[in-house]
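Trainee: A structural model of the following input is requested.
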Amino acid sequence: MCAFIFFDIQLKLGSQYYFYMETQTALAVPDEDNCMVVYSSIQFPEYAQDVIAKCLGVPRHNVRVITRRVGGGFGGKSLRAMAIATACALAAHKLCRPVRMYVDRKTDMVMAGGRHPMKITYSVGFKSDGKITALQLEILINAGMSVDVSPIIPSTMLGTLKKYDWGALSFDIKLCKTNHTSKSAMRAPGEVQGSYIAEAIIEHVASFLSMEVDAVRYRNLHTYESLSFFYKDSAGEAPEYTLPSIWDKLAVSSSFNQRTQEVNEFNKCNRWRKRGISRLPILQQMTQRASPGRVSILSDGTVAVEVGGIELGQGLWTKVKQMAAFALCSINCNGTERLLDKVRVIQADTLSMIQGGSTGGSTTSEASCAAVRLCCNILVDRLSPLKESLQKQMGSVTWETLIAQGYMQSVNLSASSYYVPDFSSLHYINYGAAVEVNLLTGETTILQVDIIYDCGQSLNPAVDLGQIEGAFVQGIGFFMFEEYLTNSDGLVVSEGTWSYKIPTLDTIPKQFNVEVMNSGRHKDRVLSSKASGEPPLLLASSVHCATRAAIKEARKQLLSWSGIDEPKSIFQLDVPATMPVVKELCGLDVVERYLEWIIGRK
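Mentor: Predicted coordinates:
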């Protein structure tokens, strides 16, 4: 079979603002002995503690950073919140009185930085059956005026870019210093761009060969052997590679083949509306992190839990409470079935719980739950001899009685731990796939989305379901609506919702079907679970791909009205694919061309 080559195809990806509900905020309160207590909306309290201590010229133990919860983060409060917390602490230190600071939305948008814009040039070699044999990439990443977290972007981007078997892969990635605001981590930083680049390459190959893009995708999915080559230890065991089964299952559950035929029929019968359909996979490499935990049982039987992770609205506290109740129930006392109501998770405190690290990367819930489970196991081991002794004396033993006796007999009912993941579970891969129908009338409407997502053995299916849906809709914003524009001086010109459009009620798919797939067990992961916070965002590129398919049909019709037979429809669809972009690609003079065609026929 002969081979073809594309040379110097270019892609451009824009930025995206976090648009969390709560902007950056902090409260600093001077304490005795030259100490400072700072309440900060931050995902990385330890970093703020370190910077504040250096700024004030005091030891770190003189600075206490407390984070009760964060009103939305998405990575925007990992490092950027540190500047607000530090400025607030400095003012409180100088004035010797409490100081509160918050940033209005306009200022927050200017300073936030957001997702990294990119420019990609690539060459790809492939066979006539659609099998790609080689890929060469040159990627320029706009990092802004300072380093921030930009050095991690190349590696995270490659993790999702490798979701297809490219054969030979060569890349040159450069971080570029520019006059823009420093870019920072945003939900799935680098991964969402890498996944999209992979899909854009597949789309171009399919267009060049005049093949169905779904067939080209399937032709280039990994086998377990190629997966092991590209991902090394992260690939895990062969049964863990669930992507092929998800791919096939989605085709059946979503009636993909039938709906593809319906889309084709719809496009034949409708001049002014076109539909597209797309099915695509994700494959994201996750990294487990070490995490501290402490569980304390009070004299009335209630339980206080501390973890290093921060509650961002991702359901971390819910999962931690469930884990504490689940692990303590193994003591098998009367009343432990109601233990969940007795558990309370305490706010993060840098002097109470050290080495908490940064909350991000979607694995903090797992690590925090693992730390809590270790603590509970220690407490169960301490209480088990006492329980057996009481059973011999009393027969049945209630939870409250056991704890009261534990206090009387000086059993240590507080346990601390530090969860460090095994090397075998340090990395793993998440799988998922999505299919979407798009109706094109100048604007885009998402008619239906079907997602099957592998959560391992989900710690909480309800929480994970919400994470999957929320991530997907946020991804729709990146691919279709959100323009985070700057002027020639690098200053942000998108200020508030007047000029920056986020997903709304009309954006949500008319029919949204999500299935949380519980795959096999894995002894080295936390109760065999997998992350759900970031990977589903990558699936939103299916909306972009389906829009591209609909535009392709519109362009084909436009060419037929001009009497031009052009089987290869190769064009560039920008990100975000806003209404003006879509309209221009479909033809700004589409009505005039149609009228000319009608007159010509007569």
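Trainee: contacting residues for Leu27?
Mentor: In this structure, Leu27 makes contact with Val38, Tyr39, Ser40, Cys88, Pro98, Val99, Arg100, Met101, judged by CB atoms under 8 Å, 6 or more residues apart in numbering. All C-beta atoms are positioned from the backbone trio N, CA, C, and that covers glycine.
Trainee: and these, which of them are in strands?
Mentor: Of the contacts of Leu27, the ones assigned to strands by DSSP state E are Val38, Tyr39, Ser40, Val99, Arg100, Met101.
Trainee: secondary structure element for the closest residue to the fifth one other than its chain neighbours?
Mentor: Of all residues beyond its chain neighbours, the one nearest Arg100 is Leu27 (4.6 Å), with distances taken as CB to CB, 6 or more residues apart in numbering. Take DSSP states H and E as the rule and Leu27 turns out to sit in strand 25-31.
Trainee: partners of that strand, with directions?
Mentor: When sheet partners are counted by DSSP bridges, strand 25-31 sits next to strand 35-40 (antiparallel), strand 99-102 (antiparallel).
Trainee: what segments of the stretch 501-602 of the chain are strands?
Mentor: Listed in chain order, the strands of the stretch 501-602 of the chain (DSSP state E, counting those that start in this stretch) span residues 511-517.
Trainee: flag the shaky bits of it, pLDDT-wise.
Mentor: Flagging of the stretch 501-602 of the chain using pLDDT under 70 yields the residue ranges 520, 523-524, 564-569.
Trainee: and the residue nearest the centre of the chain, what are its phi and psi?
Mentor: Centroid-nearest residue in the chain, with CA atoms, centre = their mean: Glu534, separated by 1.5 Å. Note on Glu534: its backbone torsions stand at phi -100, psi -40 [degrees, to the nearest 10].
Trainee: now for it: which residues touch it?
Mentor: Glu534 is in contact with Arg187, Ala188, Glu191, Gln284, Gly361, Ser362, Ala471, counting by CB under 8 Å, 6+ apart.
Trainee: please apply the same query to Ile52.
Mentor: By CB under 8 Å, 6+ apart, the contact set of Ile52 is Met36, Val38, Val63, Val65, Ala85, Thr86, Ala89.
Trainee: what's the helix or strand for it?
Mentor: Using DSSP H and E, Ile52 sits within helix 45-56.
Trainee: how big is the angle separating that helix from strand 25-31?
Mentor: On the basis of axes from the mean of the first three to the mean of the last three CA atoms, to 10 degrees, helix 45-56 is oriented at 60 degrees to strand 25-31.
Trainee: for helix 45-56, C-alpha coordinates in PDB please.
Mentor: Provided in PDB are the C-alpha atoms of helix 45-56 (Å, rounded to 0.1, in the frame of the first residue of the first chain):
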ATOM      1  CA  PRO A  45      -1.900  26.400  51.300                       C
ATOM      2  CA  GLU A  46       1.600  25.300  52.000                       C
ATOM      3  CA  TYR A  47       3.000  27.400  49.200                       C
ATOM      4  CA  ALA A  48       1.200  30.400  50.500                       C
ATOM      5  CA  GLN A  49       2.500  29.700  54.000                       C
ATOM      6  CA  ASP A  50       6.100  29.600  52.600                       C
ATOM      7  CA  VAL A  51       5.800  32.800  50.600                       C
ATOM      8  CA  ILE A  52       4.000  34.800  53.300                       C
ATOM      9  CA  ALA A  53       6.700  33.800  55.900                       C
ATOM     10  CA  LYS A  54       9.400  35.000  53.600                       C
ATOM     11  CA  CYS A  55       7.600  38.200  52.800                       C
ATOM     12  CA  LEU A  56       7.000  39.000  56.500                       C
END
